[in-house]
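Engineer: Sequence first, then the predicted structure, then my questions.
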Amino acid sequence: MTDNKINIVKAGYRSRRLRWIGVTLFLGIVTLALCITLLLIGNTSYPFKIVVSVLMGEQIQGASFAIGTIRLPRMLSGLMAGIAFGMAGSTFQTILRNPLASPDIIGITAGSNVGAIFCILVLQMSGTFVSMVAVVSGLLVAILIYVLSKVGSFSGGKLILVGIGIQAMLNAVVSYLLLKASQHDIPSAYRWLSGSLNGIQMKSIPSLFVILMIGGIIIAFLGRHLRILELGEQSAISLGVRADITRLLLVLSAVFLIAFATSVTGPIAFVAFLSGPIAMKLVGTGAPHELPAGLIGGILVLGADLIGQFAFNTRFPVGVITGILGSPYLLILLIRMNRTGG
């Protein structure tokens with residue numbers, strides 16, 4: 001009887017593992033297909049052979065500029081920002097055991113917004129300086145939310161409520177800055193707030209890549225411990241997991257991913273919020289879903305950029321499309337949680 005139960009457990013583990021591998025490979029193929037598509041098509045479409053030649057360093061009149069200077073940075077930033085948003089959002093939702101615990105819901109993204117908009121409208125700055133301030137302000141707001149939620153007794157629900165309150169306050173600050181700004185500066189601010197891949201240059205890619213590699217590796221490496229933390233802190237400690245250190249590393253990694261991704265692309269709405277639940281549905285419960293969530297984040301951003309560029313007569317920023325996709329899910333989730341007392 002015992003051997004039979006062990007065999008059942010092993011069979012279940014193999015099934016979940018194969019499902020995870022299959023889903024991850026499928027998501028990887030879809031992501032690669034979107035990347036190639038975004039390099040191929042535009043105002044002028046180029047054959048695959050030309051794209052490969054440009055990527056290999058060959059200079060081709062017209063194509064080198066369109067692909068190497070415009071499309072490649074746009075595609076890479078969208079891909080890496082999407083992966084960062086997806087992994088960070090999934091990490092927060094898992095640690096706090098609440099689908100509302102997404103960085104763009106609990107105020108961390110709003111922190112980066114305030115710093116960037118202040119630089120654009122008040123300091124009349126642009127480029128790298130805006131990105132640096134966005135990163136710092138996002139980190140400071142994350143620390144503030146954590147400190148305020150620690151007053152009294154800490155809980156995930158308390159952190160979410162504090163974050164929502166901080167986000168409302170920061171959004172009010174952004175509205176005030178926009179109201180007082182000159183008409184000449186407002187378009188740049190709105191372009192940032194809408195979450196856009198327009199005008200991104202290759203010089204923004206290396207720093208985002210480094211942070212994505214460091215933060216992503218830490219989250220993926222600690223994914224097994226994250227599954228154990230879902231059982232509760234006492235259970236995790238009894239199983240040998242150093243809960244405080246593990247949670248701190250995961251939260252810091254997720255915050256850095258969100259802050260740096262937002263500093264490059266602006267706040268692309270609902271990608272962090274949607275990626276985790278979709279990944280969990282695809283890979284099933286009990287399986288690590290941080291990497292699939294990252295790939296789904298990349299797919300959402302790249303797919304939304306493709307739709308925003310070519311599906312309508314007017315071109316829309318990627319954040320507008322993801323906002324349209326995410327808003328109904330947020331409403332449905334809130335209604336469902338209200339009915340179940342969540």
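Structural biologist: Cool, got the structure.
Engineer: which non-adjacent residue is nearest Val130?
Structural biologist: By the measure of C-beta to C-beta, 6 or more residues apart in numbering, the closest residue to Val130 outside its immediate chain neighbours is Cys119, 4.6 Å from it. Backbone N, C-alpha and C define where each C-beta goes, glycine included.
Engineer: mind exporting the host helix or strand of that neighbour as CSV, just the C-alpha atoms?
Structural biologist: Assessed by DSSP states H and E, Cys119 sits inside helix 108-121. Extracted C-alpha coordinates of helix 108-121, given in CSV (Å, rounded to 0.1, in the frame of the first residue of the first chain):
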residue,chain,number,x,y,z
ILE,A,108,5.1,50.7,-6.1
THR,A,109,4.7,51.6,-9.8
ALA,A,110,3.0,54.9,-8.7
GLY,A,111,6.2,55.8,-6.8
SER,A,112,8.2,55.6,-10.0
ASN,A,113,5.6,57.6,-11.7
VAL,A,114,5.8,60.5,-9.3
GLY,A,115,9.6,60.7,-9.5
ALA,A,116,9.5,60.6,-13.3
ILE,A,117,6.7,63.2,-13.7
PHE,A,118,8.4,65.5,-11.2
CYS,A,119,11.6,65.4,-13.3
ILE,A,120,9.7,66.0,-16.6
LEU,A,121,7.4,68.7,-15.5
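Engineer: and the next element down the chain from it?
Structural biologist: Once helix 108-121 ends, the next helix or strand along the chain (criterion: DSSP H and E) is helix 128-150.
Engineer: Tell me what angle that next one forms with helix 108-121.
Structural biologist: 140 degrees (axes from the mean of the first three to the mean of the last three C-alpha atoms, to 10 degrees).
Engineer: Helix 128-150: how far from the chain's middle?
Structural biologist: 16 Å (C-alpha atoms, centre = their mean, to the nearest Å).
Engineer: what angle sits between the helix or strand following it and helix 108-121?
Structural biologist: In the C-terminal direction, the helix or strand that comes right after helix 128-150 (DSSP H and E) is helix 156-180. Using the same axes, to 10 degrees, the direction of helix 156-180 lies 20 degrees away from that of helix 108-121.
Engineer: Run through the neighbouring helices and strands of helix 156-180.
Structural biologist: Judged by 3 or more C-beta pairs under 8 Å, 6 or more residues apart in numbering; DSSP states H and E, the packing partners of helix 156-180 are helix 72-96, helix 108-121, helix 128-150, helix 186-193.
Engineer: nearest to Val251, of those helices?
Structural biologist: helix 72-96 (6.8 Å; C-beta to C-beta).
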